[in-house]
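Student: give me the fold of what follows.
(2 chains)
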Amino acid sequence: MITGIKVTVLIAVVTSVMSLLLGTLIAVMRKSRITPLRALGGLYVETFRNIPGLLWLLFFYFVFPEILPSGLGEKLNAYIYFPIVASIIALTFDNASYVSDIIRSGLLAVPPGQREAAISTGLSRIQQYRYVLLPQTFRKILPPLGTRMIHNFKNSSLCMAITAPELTWATQQIESLTFRGLEATTLATAFYIVVSLSIGGVIIILEKYLKIDIESITHMETG
Amino acid sequence: MDFLIEQFGNWKFYLIGAYPKGPLGGLSINIAIALLCMIISFFIGAIFGMGRLSCRRYISYPCIIYIEFVRATPALLLVFWFFLFIPSVLGTNISLFWSSVIALSIYSTAYQAEIVRGGILAVPRGQMEAALSSGMTRFQAARTVILPQAFRMMLPSFVSFFISLFKETSVIYIIGVIDLTQAGVIISQRQPDRMFASYLCMAIGFFVVCFSMSRVAKTLEKKVGILDLSSYRPTVCRTDLSLYPRGRGKSAA
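Tutor: Take a look at the predicted model:
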(Lines give C-alpha, C1' and ligand atoms only; values in the text may rest on other atoms or scores of the structure.)
Protein backbone atom coordinates (compact mmCIF):
# COMPACT_ATOMS: atom_id res chain seq x y z
CA MET A 1 0.00 0.00 0.00
CA ILE A 2 2.88 2.35 0.77
CA THR A 3 4.40 1.68 -2.64
CA GLY A 4 0.92 2.33 -4.05
CA ILE A 5 0.89 5.73 -2.42
CA LYS A 6 4.35 6.47 -3.78
CA VAL A 7 3.33 5.58 -7.32
CA THR A 8 0.10 7.57 -7.04
CA VAL A 9 1.97 10.65 -5.90
CA LEU A 10 4.59 10.15 -8.61
CA ILE A 11 1.96 9.88 -11.33
CA ALA A 12 -0.01 12.83 -10.00
CA VAL A 13 2.99 15.15 -9.65
CA VAL A 14 4.59 14.28 -12.99
CA THR A 15 1.31 14.56 -14.92
CA SER A 16 0.44 17.83 -13.22
CA VAL A 17 3.72 19.46 -14.13
CA MET A 18 3.83 18.08 -17.64
CA SER A 19 0.21 18.90 -18.37
CA LEU A 20 0.76 22.42 -17.13
CA LEU A 21 3.59 22.87 -19.64
CA LEU A 22 1.71 21.18 -22.47
CA GLY A 23 -1.48 23.03 -21.61
CA THR A 24 0.30 26.38 -21.71
CA LEU A 25 1.78 25.52 -25.08
CA ILE A 26 -1.61 24.53 -26.48
CA ALA A 27 -3.30 27.61 -25.07
CA VAL A 28 -0.69 29.86 -26.68
CA MET A 29 -1.07 27.87 -29.90
CA ARG A 30 -4.80 28.49 -29.88
CA LYS A 31 -4.15 32.22 -29.62
CA SER A 32 -1.59 32.23 -32.43
CA ARG A 33 -2.04 34.04 -35.72
CA ILE A 34 -1.10 31.01 -37.78
CA THR A 35 -4.30 29.22 -38.73
CA PRO A 36 -2.98 25.63 -38.90
CA LEU A 37 -1.52 25.96 -35.41
CA ARG A 38 -4.79 27.34 -34.11
CA ALA A 39 -6.78 24.59 -35.79
CA LEU A 40 -4.42 21.96 -34.41
CA GLY A 41 -4.83 23.33 -30.90
CA GLY A 42 -8.61 23.39 -31.23
CA LEU A 43 -8.68 19.85 -32.57
CA TYR A 44 -6.49 18.66 -29.72
CA VAL A 45 -8.68 20.19 -27.06
CA GLU A 46 -11.93 18.96 -28.59
CA THR A 47 -10.62 15.43 -29.03
CA PHE A 48 -9.19 15.03 -25.57
CA ARG A 49 -11.98 16.76 -23.72
CA ASN A 50 -14.76 14.78 -25.32
CA ILE A 51 -13.32 11.34 -24.72
CA PRO A 52 -12.96 10.05 -21.16
CA GLY A 53 -9.53 9.76 -19.60
CA LEU A 54 -10.03 6.07 -18.96
CA LEU A 55 -10.29 5.46 -22.68
CA TRP A 56 -7.04 7.30 -23.28
CA LEU A 57 -5.36 5.19 -20.63
CA LEU A 58 -6.54 2.01 -22.30
CA PHE A 59 -5.56 3.41 -25.65
CA PHE A 60 -2.00 4.25 -24.68
CA TYR A 61 -1.52 0.98 -22.86
CA PHE A 62 -3.12 -1.51 -25.24
CA VAL A 63 -3.24 0.11 -28.64
CA PHE A 64 -0.19 2.33 -28.73
CA PRO A 65 2.30 -0.60 -28.78
CA GLU A 66 0.19 -2.25 -31.50
CA ILE A 67 0.33 0.62 -33.95
CA LEU A 68 4.05 1.13 -33.47
CA PRO A 69 6.47 -0.89 -35.60
CA SER A 70 6.35 -4.45 -34.30
CA GLY A 71 9.78 -4.67 -32.65
CA LEU A 72 9.36 -1.46 -30.73
CA GLY A 73 5.88 -2.36 -29.54
CA GLU A 74 7.01 -5.68 -28.12
CA LYS A 75 9.87 -4.01 -26.34
CA LEU A 76 7.40 -1.61 -24.79
CA ASN A 77 5.13 -4.42 -23.67
CA ALA A 78 8.04 -6.18 -22.03
CA TYR A 79 9.16 -3.00 -20.28
CA ILE A 80 8.28 -3.44 -16.62
CA TYR A 81 7.35 0.17 -15.92
CA PHE A 82 5.34 0.59 -19.09
CA PRO A 83 1.98 0.79 -17.24
CA ILE A 84 3.27 3.76 -15.26
CA VAL A 85 4.75 5.44 -18.31
CA ALA A 86 1.57 4.87 -20.31
CA SER A 87 -0.61 6.24 -17.54
CA ILE A 88 1.60 9.30 -17.20
CA ILE A 89 1.39 9.95 -20.94
CA ALA A 90 -2.36 9.41 -21.09
CA LEU A 91 -3.20 11.50 -18.04
CA THR A 92 -0.88 14.26 -19.20
CA PHE A 93 -2.59 14.50 -22.55
CA ASP A 94 -6.02 14.29 -20.98
CA ASN A 95 -5.31 16.87 -18.30
CA ALA A 96 -3.46 19.21 -20.65
CA SER A 97 -6.60 19.75 -22.69
CA TYR A 98 -8.50 20.95 -19.64
CA VAL A 99 -5.56 23.01 -18.42
CA SER A 100 -5.17 24.66 -21.80
CA ASP A 101 -8.83 25.63 -21.77
CA ILE A 102 -8.46 27.17 -18.34
CA ILE A 103 -5.31 29.04 -19.39
CA ARG A 104 -7.00 30.26 -22.54
CA SER A 105 -9.86 31.73 -20.57
CA GLY A 106 -7.28 33.35 -18.30
CA LEU A 107 -5.44 34.82 -21.28
CA LEU A 108 -8.70 36.26 -22.58
CA ALA A 109 -9.30 37.83 -19.18
CA VAL A 110 -6.02 39.78 -19.26
CA PRO A 111 -6.88 43.29 -20.39
CA PRO A 112 -5.80 43.94 -24.02
CA GLY A 113 -3.94 47.06 -22.91
CA GLN A 114 -1.32 44.84 -21.27
CA ARG A 115 -0.50 43.19 -24.56
CA GLU A 116 -0.43 46.48 -26.41
CA ALA A 117 1.85 47.92 -23.78
CA ALA A 118 4.15 44.92 -24.11
CA ILE A 119 4.24 45.33 -27.90
CA SER A 120 4.97 49.01 -27.64
CA THR A 121 7.90 48.43 -25.32
CA GLY A 122 9.39 46.28 -28.05
CA LEU A 123 9.06 42.83 -26.57
CA SER A 124 9.00 39.92 -28.98
CA ARG A 125 5.97 37.61 -28.98
CA ILE A 126 7.68 35.05 -26.80
CA GLN A 127 8.79 37.74 -24.39
CA GLN A 128 5.25 39.12 -24.27
CA TYR A 129 3.93 35.78 -23.10
CA ARG A 130 6.83 35.04 -20.83
CA TYR A 131 7.03 38.33 -18.95
CA VAL A 132 3.67 40.04 -19.32
CA LEU A 133 0.75 37.82 -20.20
CA LEU A 134 1.38 34.45 -18.59
CA PRO A 135 2.30 35.69 -15.09
CA GLN A 136 -0.94 37.62 -14.92
CA THR A 137 -2.89 34.73 -16.36
CA PHE A 138 -1.64 32.24 -13.80
CA ARG A 139 -2.63 34.49 -10.94
CA LYS A 140 -6.13 34.78 -12.33
CA ILE A 141 -6.69 31.11 -13.03
CA LEU A 142 -5.24 29.71 -9.83
CA PRO A 143 -8.56 28.53 -8.31
CA PRO A 144 -9.84 26.61 -11.39
CA LEU A 145 -6.33 25.32 -12.01
CA GLY A 146 -6.21 23.99 -8.47
CA THR A 147 -9.54 22.23 -8.93
CA ARG A 148 -8.23 20.70 -12.11
CA MET A 149 -5.10 19.46 -10.37
CA ILE A 150 -7.21 17.84 -7.66
CA HIS A 151 -9.21 16.22 -10.44
CA ASN A 152 -6.01 15.03 -12.02
CA PHE A 153 -4.89 13.56 -8.73
CA LYS A 154 -8.19 11.75 -8.40
CA ASN A 155 -7.98 10.58 -12.00
CA SER A 156 -4.73 8.83 -11.19
CA SER A 157 -6.92 6.19 -9.55
CA LEU A 158 -8.08 5.21 -13.02
CA CYS A 159 -4.58 3.96 -13.78
CA MET A 160 -5.46 0.74 -12.00
CA ALA A 161 -7.34 -0.24 -15.13
CA ILE A 162 -4.02 -0.70 -16.89
CA THR A 163 -2.37 -2.36 -13.87
CA ALA A 164 -0.18 0.57 -12.94
CA PRO A 165 0.75 -0.32 -9.36
CA GLU A 166 -0.81 2.70 -7.69
CA LEU A 167 -2.98 3.05 -4.61
CA THR A 168 -6.29 1.83 -5.97
CA TRP A 169 -4.61 -1.09 -7.65
CA ALA A 170 -2.91 -1.91 -4.35
CA THR A 171 -6.26 -1.96 -2.54
CA GLN A 172 -7.60 -4.35 -5.13
CA GLN A 173 -4.59 -6.57 -4.63
CA ILE A 174 -5.19 -6.54 -0.89
CA GLU A 175 -8.81 -7.37 -1.53
CA SER A 176 -8.01 -10.34 -3.70
CA LEU A 177 -5.38 -11.63 -1.29
CA THR A 178 -7.09 -11.12 2.05
CA PHE A 179 -10.78 -10.40 1.25
CA ARG A 180 -10.52 -7.28 3.36
CA GLY A 181 -11.45 -5.05 0.47
CA LEU A 182 -13.74 -2.76 2.39
CA GLU A 183 -11.10 -1.77 4.92
CA ALA A 184 -8.45 -1.26 2.26
CA THR A 185 -10.81 0.80 0.11
CA THR A 186 -11.83 2.93 3.07
CA LEU A 187 -8.21 3.59 3.92
CA ALA A 188 -7.44 4.51 0.32
CA THR A 189 -10.46 6.81 0.22
CA ALA A 190 -9.26 8.51 3.39
CA PHE A 191 -5.86 9.04 1.78
CA TYR A 192 -7.40 10.56 -1.34
CA ILE A 193 -9.61 12.84 0.76
CA VAL A 194 -6.71 14.05 2.89
CA VAL A 195 -4.46 14.78 -0.07
CA SER A 196 -7.19 16.44 -2.16
CA LEU A 197 -8.28 18.68 0.67
CA SER A 198 -4.70 19.63 1.43
CA ILE A 199 -4.07 20.50 -2.22
CA GLY A 200 -7.16 22.69 -1.98
CA GLY A 201 -5.80 24.31 1.17
CA VAL A 202 -2.43 24.98 -0.44
CA ILE A 203 -4.17 26.58 -3.41
CA ILE A 204 -6.15 28.87 -1.12
CA ILE A 205 -3.00 29.92 0.75
CA LEU A 206 -1.13 30.44 -2.53
CA GLU A 207 -4.01 32.52 -3.84
CA LYS A 208 -3.93 34.79 -0.81
CA TYR A 209 -0.16 35.14 -1.07
CA LEU A 210 -0.27 36.04 -4.75
CA LYS A 211 -3.16 38.40 -4.29
CA ILE A 212 -1.15 40.54 -1.90
CA ASP A 213 1.57 40.54 -4.52
CA ILE A 214 -0.80 41.88 -7.18
CA GLU A 215 -2.14 44.56 -4.90
CA SER A 216 1.33 45.84 -4.06
CA ILE A 217 2.15 46.03 -7.78
CA THR A 218 -0.99 47.95 -8.63
CA HIS A 219 -0.33 50.19 -5.69
CA MET A 220 3.11 50.97 -7.07
CA GLU A 221 1.65 51.69 -10.48
CA THR A 222 -0.94 54.10 -9.19
CA GLY A 223 1.18 55.69 -6.47
CA MET B 1 -10.80 1.23 -44.33
CA ASP B 2 -12.10 -2.36 -44.49
CA PHE B 3 -11.27 -2.98 -40.87
CA LEU B 4 -13.32 -0.01 -39.81
CA ILE B 5 -16.34 -1.10 -41.80
CA GLU B 6 -15.99 -4.51 -40.26
CA GLN B 7 -16.00 -2.95 -36.82
CA PHE B 8 -19.12 -1.01 -37.60
CA GLY B 9 -20.78 -4.37 -38.16
CA ASN B 10 -20.68 -4.69 -34.39
CA TRP B 11 -22.53 -1.42 -33.92
CA LYS B 12 -25.38 -3.10 -32.10
CA PHE B 13 -23.05 -4.43 -29.44
CA TYR B 14 -21.46 -1.05 -29.00
CA LEU B 15 -24.79 0.69 -28.68
CA ILE B 16 -27.02 -1.63 -26.67
CA GLY B 17 -24.83 -4.58 -25.73
CA ALA B 18 -26.48 -7.99 -25.88
CA TYR B 19 -29.79 -6.39 -24.98
CA PRO B 20 -32.63 -8.57 -26.26
CA LYS B 21 -30.94 -11.76 -25.04
CA GLY B 22 -28.81 -10.47 -22.19
CA PRO B 23 -28.52 -7.40 -19.99
CA LEU B 24 -28.53 -3.93 -21.42
CA GLY B 25 -25.08 -2.65 -22.21
CA GLY B 26 -22.95 -0.52 -24.43
CA LEU B 27 -23.39 3.17 -24.94
CA SER B 28 -27.02 3.11 -23.83
CA ILE B 29 -26.07 1.97 -20.34
CA ASN B 30 -23.67 4.89 -20.06
CA ILE B 31 -26.44 7.26 -21.03
CA ALA B 32 -28.97 5.52 -18.78
CA ILE B 33 -26.72 5.65 -15.74
CA ALA B 34 -25.72 9.24 -16.38
CA LEU B 35 -29.35 10.31 -16.77
CA LEU B 36 -30.54 8.40 -13.71
CA CYS B 37 -27.74 9.80 -11.58
CA MET B 38 -28.42 13.26 -12.91
CA ILE B 39 -32.11 13.07 -11.95
CA ILE B 40 -31.52 11.52 -8.53
CA SER B 41 -28.67 13.81 -7.62
CA PHE B 42 -30.47 16.89 -8.89
CA PHE B 43 -33.02 16.70 -6.10
CA ILE B 44 -30.64 15.58 -3.38
CA GLY B 45 -28.01 18.03 -4.61
CA ALA B 46 -30.49 20.91 -4.48
CA ILE B 47 -31.21 20.06 -0.84
CA PHE B 48 -27.50 19.89 0.02
CA GLY B 49 -26.70 23.03 -1.93
CA MET B 50 -29.37 25.02 -0.15
CA GLY B 51 -28.42 23.38 3.12
CA ARG B 52 -24.87 24.60 2.70
CA LEU B 53 -26.17 28.15 2.38
CA SER B 54 -28.36 27.82 5.44
CA CYS B 55 -27.60 30.18 8.29
CA ARG B 56 -28.18 27.41 10.83
CA ARG B 57 -24.88 25.73 11.52
CA TYR B 58 -26.31 22.35 12.40
CA ILE B 59 -27.66 22.23 8.85
CA SER B 60 -24.82 23.85 6.95
CA TYR B 61 -21.86 22.03 8.55
CA PRO B 62 -22.96 18.48 7.71
CA CYS B 63 -23.67 19.64 4.17
CA ILE B 64 -20.22 21.21 3.86
CA ILE B 65 -18.57 18.07 5.22
CA TYR B 66 -20.51 15.83 2.85
CA ILE B 67 -19.81 17.99 -0.20
CA GLU B 68 -16.12 18.47 0.49
CA PHE B 69 -15.50 14.82 1.34
CA VAL B 70 -17.27 13.47 -1.70
CA ARG B 71 -15.62 15.99 -3.97
CA ALA B 72 -12.24 14.92 -2.65
CA THR B 73 -12.85 11.26 -3.46
CA PRO B 74 -12.28 9.72 -6.89
CA ALA B 75 -15.44 8.38 -8.52
CA LEU B 76 -13.74 5.05 -9.01
CA LEU B 77 -13.18 4.65 -5.27
CA LEU B 78 -16.84 5.43 -4.55
CA VAL B 79 -17.92 2.87 -7.12
CA PHE B 80 -15.64 0.30 -5.50
CA TRP B 81 -16.85 1.24 -2.09
CA PHE B 82 -20.47 0.54 -2.89
CA PHE B 83 -19.56 -2.50 -4.87
CA LEU B 84 -17.92 -3.94 -1.71
CA PHE B 85 -19.98 -2.23 0.97
CA ILE B 86 -23.53 -3.18 0.08
CA PRO B 87 -23.01 -6.95 -0.11
CA SER B 88 -20.85 -7.11 3.01
CA VAL B 89 -22.92 -4.87 5.26
CA LEU B 90 -26.48 -5.42 4.11
CA GLY B 91 -25.85 -9.03 3.27
CA THR B 92 -27.83 -8.77 0.06
CA ASN B 93 -26.54 -8.81 -3.44
CA ILE B 94 -27.40 -5.85 -5.55
CA SER B 95 -26.97 -5.74 -9.28
CA LEU B 96 -23.86 -4.04 -10.61
CA PHE B 97 -26.04 -1.55 -12.42
CA TRP B 98 -27.77 -0.33 -9.28
CA SER B 99 -24.65 -0.28 -7.17
CA SER B 100 -22.94 1.90 -9.73
CA VAL B 101 -26.02 4.12 -9.98
CA ILE B 102 -25.98 4.64 -6.21
CA ALA B 103 -22.25 5.32 -6.13
CA LEU B 104 -22.30 7.75 -9.03
CA SER B 105 -25.37 9.55 -7.69
CA ILE B 106 -23.60 10.10 -4.41
CA TYR B 107 -20.61 11.35 -6.36
CA SER B 108 -22.64 13.69 -8.54
CA THR B 109 -24.82 14.93 -5.69
CA ALA B 110 -21.85 16.79 -4.26
CA TYR B 111 -21.10 18.46 -7.58
CA GLN B 112 -24.74 19.30 -8.23
CA ALA B 113 -24.94 20.82 -4.77
CA GLU B 114 -22.03 23.08 -5.64
CA ILE B 115 -23.70 24.08 -8.91
CA VAL B 116 -26.93 24.90 -7.06
CA ARG B 117 -25.00 26.89 -4.50
CA GLY B 118 -23.18 28.79 -7.23
CA GLY B 119 -26.45 29.53 -8.98
CA ILE B 120 -28.10 30.82 -5.83
CA LEU B 121 -25.10 32.98 -4.99
CA ALA B 122 -25.17 34.40 -8.52
CA VAL B 123 -28.65 35.84 -7.98
CA PRO B 124 -28.18 39.45 -6.95
CA ARG B 125 -28.63 40.09 -3.23
CA GLY B 126 -31.25 42.72 -3.91
CA GLN B 127 -33.66 40.06 -5.13
CA MET B 128 -33.74 38.38 -1.75
CA GLU B 129 -33.97 41.68 0.07
CA ALA B 130 -36.82 42.80 -2.18
CA ALA B 131 -38.68 39.55 -1.64
CA LEU B 132 -38.26 39.75 2.11
CA SER B 133 -39.31 43.36 2.24
CA SER B 134 -42.46 42.60 0.27
CA GLY B 135 -43.48 40.41 3.18
CA MET B 136 -42.52 36.95 1.97
CA THR B 137 -41.12 34.40 4.34
CA ARG B 138 -37.62 33.10 3.58
CA PHE B 139 -39.08 29.88 2.24
CA GLN B 140 -41.52 31.68 -0.05
CA ALA B 141 -38.80 33.99 -1.26
CA ALA B 142 -36.53 31.09 -2.07
CA ARG B 143 -39.26 29.19 -3.89
CA THR B 144 -40.86 31.95 -5.92
CA VAL B 145 -38.06 34.49 -6.42
CA ILE B 146 -34.58 33.09 -5.93
CA LEU B 147 -34.77 29.52 -7.24
CA PRO B 148 -36.45 30.23 -10.59
CA GLN B 149 -33.70 32.73 -11.39
CA ALA B 150 -30.98 30.51 -9.98
CA PHE B 151 -32.04 27.45 -11.97
CA ARG B 152 -32.00 29.47 -15.12
CA MET B 153 -28.39 30.41 -14.52
CA MET B 154 -27.50 26.89 -13.50
CA LEU B 155 -28.78 25.30 -16.69
CA PRO B 156 -25.54 25.54 -18.72
CA SER B 157 -23.52 24.19 -15.81
CA PHE B 158 -25.93 21.30 -15.47
CA VAL B 159 -25.39 20.35 -19.07
CA SER B 160 -21.63 20.61 -18.81
CA PHE B 161 -21.72 18.60 -15.61
CA PHE B 162 -23.77 16.00 -17.42
CA ILE B 163 -20.95 15.71 -19.93
CA SER B 164 -18.35 15.12 -17.26
CA LEU B 165 -20.64 12.69 -15.45
CA PHE B 166 -21.17 10.84 -18.69
CA LYS B 167 -17.44 10.53 -19.11
CA GLU B 168 -17.14 9.50 -15.49
CA THR B 169 -19.55 6.60 -16.11
CA SER B 170 -16.80 4.92 -18.07
CA VAL B 171 -15.21 3.92 -14.73
CA ILE B 172 -17.95 1.37 -14.07
CA TYR B 173 -16.24 -0.77 -16.66
CA ILE B 174 -13.73 -1.65 -13.95
CA ILE B 175 -16.30 -3.36 -11.73
CA GLY B 176 -17.58 -5.26 -14.73
CA VAL B 177 -20.65 -3.47 -16.04
CA ILE B 178 -20.77 -3.98 -19.79
CA ASP B 179 -20.78 -0.35 -20.79
CA LEU B 180 -19.34 1.11 -23.96
CA THR B 181 -15.76 0.73 -22.74
CA GLN B 182 -16.28 -2.85 -21.66
CA ALA B 183 -18.02 -3.66 -24.94
CA GLY B 184 -15.08 -2.27 -26.86
CA VAL B 185 -12.60 -4.15 -24.70
CA ILE B 186 -14.52 -7.41 -25.19
CA ILE B 187 -14.55 -6.96 -28.93
CA SER B 188 -10.90 -6.00 -29.02
CA GLN B 189 -9.99 -9.07 -27.02
CA ARG B 190 -11.91 -11.26 -29.41
CA GLN B 191 -10.07 -9.79 -32.37
CA PRO B 192 -6.69 -8.63 -31.06
CA ASP B 193 -5.51 -7.58 -34.50
CA ARG B 194 -8.42 -5.15 -34.84
CA MET B 195 -7.67 -3.38 -31.58
CA PHE B 196 -7.19 0.06 -33.02
CA ALA B 197 -10.52 -0.01 -34.82
CA SER B 198 -12.50 -1.06 -31.78
CA TYR B 199 -10.92 1.67 -29.67
CA LEU B 200 -11.72 4.12 -32.41
CA CYS B 201 -15.36 3.03 -32.24
CA MET B 202 -15.49 3.57 -28.49
CA ALA B 203 -13.92 6.97 -28.91
CA ILE B 204 -16.45 7.90 -31.59
CA GLY B 205 -19.28 6.82 -29.30
CA PHE B 206 -18.14 9.01 -26.44
CA PHE B 207 -17.13 11.85 -28.70
CA VAL B 208 -20.47 12.13 -30.47
CA VAL B 209 -22.46 12.33 -27.25
CA CYS B 210 -20.08 14.68 -25.44
CA PHE B 211 -19.49 16.96 -28.39
CA SER B 212 -23.19 17.38 -29.14
CA MET B 213 -23.93 18.00 -25.47
CA SER B 214 -21.20 20.61 -25.29
CA ARG B 215 -22.77 22.39 -28.25
CA VAL B 216 -26.10 22.31 -26.41
CA ALA B 217 -24.38 23.81 -23.37
CA LYS B 218 -22.92 26.59 -25.49
CA THR B 219 -26.29 27.48 -27.03
CA LEU B 220 -27.96 27.39 -23.64
CA GLU B 221 -25.30 29.68 -22.28
CA LYS B 222 -26.08 32.19 -24.98
CA LYS B 223 -29.84 31.88 -24.58
CA VAL B 224 -30.43 31.68 -20.86
CA GLY B 225 -27.21 32.93 -19.38
CA ILE B 226 -26.71 36.07 -17.37
CA LEU B 227 -27.71 37.98 -20.49
CA ASP B 228 -31.32 37.13 -19.86
CA LEU B 229 -31.27 38.59 -16.38
CA SER B 230 -29.95 41.91 -17.63
CA SER B 231 -32.60 42.01 -20.33
CA TYR B 232 -35.48 41.80 -17.92
CA ARG B 233 -34.18 43.92 -15.12
CA PRO B 234 -34.90 47.26 -16.83
CA THR B 235 -38.57 46.39 -17.30
CA VAL B 236 -38.91 45.81 -13.57
CA CYS B 237 -37.32 49.17 -12.93
CA ARG B 238 -39.61 50.88 -15.43
CA THR B 239 -42.82 49.63 -13.81
CA ASP B 240 -41.48 50.72 -10.46
CA LEU B 241 -40.73 54.21 -11.70
CA SER B 242 -43.83 54.80 -13.77
CA LEU B 243 -46.52 57.07 -12.41
CA TYR B 244 -49.30 54.90 -13.73
CA PRO B 245 -48.58 51.39 -12.48
CA ARG B 246 -50.77 49.54 -14.93
CA GLY B 247 -48.83 46.30 -14.76
CA ARG B 248 -48.58 46.25 -10.99
CA GLY B 249 -49.94 42.74 -10.58
CA LYS B 250 -47.68 41.43 -13.30
CA SER B 251 -44.52 43.14 -12.23
CA ALA B 252 -44.45 41.25 -8.96
CA ALA B 253 -44.22 37.94 -10.79
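Student: now the lengthiest helix in chain A, how far from the centre of its chain.
Tutor: In terms of residue count, the longest helix belonging to chain A (DSSP state H) is helix A:181-222. Distance of helix A:181-222 from the chain centroid (Cα atoms, centre = their mean, to the nearest Å) equals 15 Å.
Student: so, in contact with chain B or not, it?
Tutor: Yes: under the criterion of Cβ under 8 Å from any Cβ of the partner chain, chain B is reached by helix A:181-222 at A:181, A:182, A:185, A:186, A:188, A:189, A:192, A:193, A:196, A:197, A:200. Heads up, the C-betas are built off the backbone N, CA and C, glycines and all.
Student: for that helix, packing partners?
Tutor: Contact partners of helix A:181-222 among helices and strands, from 3 or more Cβ pairs under 8 Å, 6 or more residues apart in numbering or on different chains; DSSP states H and E: helix A:2-30, helix A:134-140, helix A:142-155, helix A:167-178, helix B:57-71, helix B:75-85.
Student: circling back to that earlier point, of the residues of helix A:181-222 next to chain B - the most surrounded one?
Tutor: With neighbours defined as other Cβ atoms under 10 Å in any protein chain shown, the most crowded of those is residue A:188; it has 28 neighbours.
Student: looking at the helices and strands packed on helix A:181-222, which is closest to residue B:122?
Tutor: helix A:142-155 (15.9 Å; Cβ to Cβ).
Student: buried residues in the closest one?
Tutor: Using 16 or more other Cβ atoms under 10 Å in any protein chain shown as the test for burial, helix A:142-155 gives A:142, A:144-155.
Student: reformat these as CSV; add distance to residue B:83 and pLDDT.
Tutor: Shown next, in CSV, are those (distance: Cβ to Cβ, whole Å; pLDDT from 0 to 100):
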residue, distance to residue B:83, pLDDT
A:142, 36, 86
A:144, 32, 87
A:145, 32, 88
A:146, 30, 88
A:147, 27, 87
A:148, 27, 89
A:149, 27, 89
A:150, 23, 89
A:151, 22, 88
A:152, 24, 89
A:153, 22, 89
A:154, 18, 87
A:155, 19, 87
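Student: any idea how far residue A:146 is from residue A:196?
Tutor: 10 Å (Cβ to Cβ, to the nearest Å).
Student: an error on my part: the question was meant for residue A:98.
Tutor: In terms of Cβ to Cβ, residue A:98 sits 16 Å off from residue A:196.
Student: out of the helices and strands packed on helix A:181-222, which is the most enclosed?
Tutor: Mean neighbour count (mean count of other Cβ atoms under 10 Å in any protein chain shown) peaks for helix B:75-85 among those, with a mean of 23.
Student: how far does it sit from the chain's center?
Tutor: For helix B:75-85, the separation from the chain centroid amounts to 19 Å (computed by Cα atoms, centre = their mean).
Student: what's the average pLDDT for that helix?
Tutor: Taken as a whole, helix B:75-85 has an average pLDDT of 84.
Student: so that helix, near chain A or not?
Tutor: Yes: legend: contact between helix B:75-85 and chain A by Cβ under 8 Å from any Cβ is shown at B:75, B:76, B:77, B:78, B:80, B:81, B:84, B:85.
Student: so the fourth one makes contact with residue B:108?
Tutor: The reference is to residue B:78. No: contact criterion Cβ atoms under 8 Å: residue B:78 and residue B:108 do not qualify, at 10.1 Å.
Student: what about the helices in the stretch 51-200 of chain B?
Tutor: Assigned by DSSP state H, counting those that start in this stretch, the stretch 51-200 of chain B shows helices spanning B:57-71, B:75-85, B:96-122, B:125-133, B:138-141, B:147-168, B:180-190, B:195-224.
Student: list the buried ones in the shortest one?
Tutor: Taking 16+ other Cβ under 10 Å as the basis for neighbour counts, the residues of helix B:138-141 that come out buried are residue B:141.
Student: packing partners of it?
Tutor: helix B:125-133.
Student: quick one: contacts of the helix it packs on?
Tutor: B:138, B:140, B:141, B:144, B:145, B:146, B:149 (Cβ atoms under 8 Å, 6 or more residues apart in numbering or on different chains).
Student: let me have these in a markdown table, extended by pLDDT.
Tutor: A markdown table is the format used below for the contacts of helix B:125-133 (pLDDT from 0 to 100):
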| residue | pLDDT |
| --- | --- |
| B:138 | 82 |
| B:140 | 86 |
| B:141 | 86 |
| B:144 | 86 |
| B:145 | 86 |
| B:146 | 86 |
| B:149 | 85 |
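Student: and those, which is closest to residue B:116?
Tutor: For the contacts of helix B:125-133, the nearest to residue B:116 is residue B:146 (10.9 Å; Cβ to Cβ).
Student: and that closest one, how many neighbours?
Tutor: Neighbour tally, residue B:146, other Cβ under 10 Å: 19.
Student: for residue B:49, see how far away it is.
Tutor: Taking Cβ to Cβ as the measure, residue B:146 falls 12 Å from residue B:49.
Student: intersection of neighbour lists for these two?
Tutor: With Cβ under 8 Å, 6+ apart, residue B:146 and residue B:49 have common neighbours residue B:120.
Student: got the contact list for residue B:146?
Tutor: Contacts of residue B:146 by Cβ under 8 Å, 6+ apart are B:120, B:123, B:127, B:128, B:131.
Student: in space, what's closest to residue 117 - neighbours in sequence excluded?
Tutor: You didn't say which chain, so I picked chain A. residue A:132 (7.5 Å; Cβ to Cβ, 6 or more residues apart in numbering or on different chains).
Student: looking at chain B here, not the other one
Tutor: Nearest to residue B:117 is residue B:49, by Cβ to Cβ, 6+ apart, at 4.4 Å.
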